[in-house]
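Engineer: model this:
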Amino acid sequence: MVTIDTVLVRTDHCLTSGTDDELVMMDAESGHYFSLDAIGRDIWNRLEQPARVGDLCVALEQAYVAPLDVITADVLRLLDSMVGEGLVKVAA
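Structural biologist: I've put the predicted structure just below:
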């Protein structure tokens, strides 16, 4: 389970293509497709380098107008799902 202290990074087996509003991803290992909205795309881009989830949430709070607790809950749900799908992993 992802927590605010978890450090995550993107995996290297996803192929991506983006538009202004969406990022479409294909997991090259499983062949599954995924899509992210603009904020999800921002999170994906920020995970190019290892990032602590709590720090990521604070950065998103500064970029978007929403309370930190709402951002944190949404980010934790998204990242739990992404870990489960193998799109991001705990940084070594």
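
Engineer: In the protein, which helix is the longest?
Structural biologist: Longest helix of the chain, by residue count under DSSP state H: helix 68-84.

Engineer: Show me what that one is in contact with.
Structural biologist: Contact partners of helix 68-84, identified using CB atoms under 8 Å, 6 or more residues apart in numbering, comprise 1-4, 6, 8, 40, 43, 53-54, 56-58, 60-61, 64, 88-90. Any C-beta I mention is one placed from the backbone N, CA and C, and that applies to glycine too.

Engineer: which helices and strands does the helix or strand following that helix pack with?
Structural biologist: Using DSSP states H and E, the helix or strand that follows helix 68-84 in sequence is strand 88-90. In terms of contacts (3 or more CB pairs under 8 Å, 6 or more residues apart in numbering; DSSP states H and E), strand 88-90 is packed against strand 7-10, helix 68-84.

Engineer: I'd like the distance between the closest residue to K89 other than its chain neighbours and A91.
Structural biologist: Distances taken as CB to CB, 6 or more residues apart in numbering place T11 nearest to K89, at 5.5 Å, with adjacent residues excluded. According to CB to CB, to the nearest Å, T11 and A91 sit 11 Å apart.

Engineer: Of the two, give the one with the bigger neighbour count.
Structural biologist: Taking other CB atoms under 10 Å, T11 and A91 do not tie; T11 has more neighbours (17 against 14).

Engineer: Verify the stated contact: that one with G86.
Structural biologist: Yes. With contact defined as CB atoms under 8 Å, T11 counts as touching G86 (6.2 Å).

Engineer: quick one on the thing from earlier: which ones are touching the residue nearest to K89?
Structural biologist: Applying CB under 8 Å, 6+ apart, one finds that T11 lies in contact with 86-89.

Engineer: same thing but 10 Å
Structural biologist: Listed by CB atoms under 10 Å, 6 or more residues apart in numbering, the contact set of T11 reads 27-29, 47, 82-83, 85-89.
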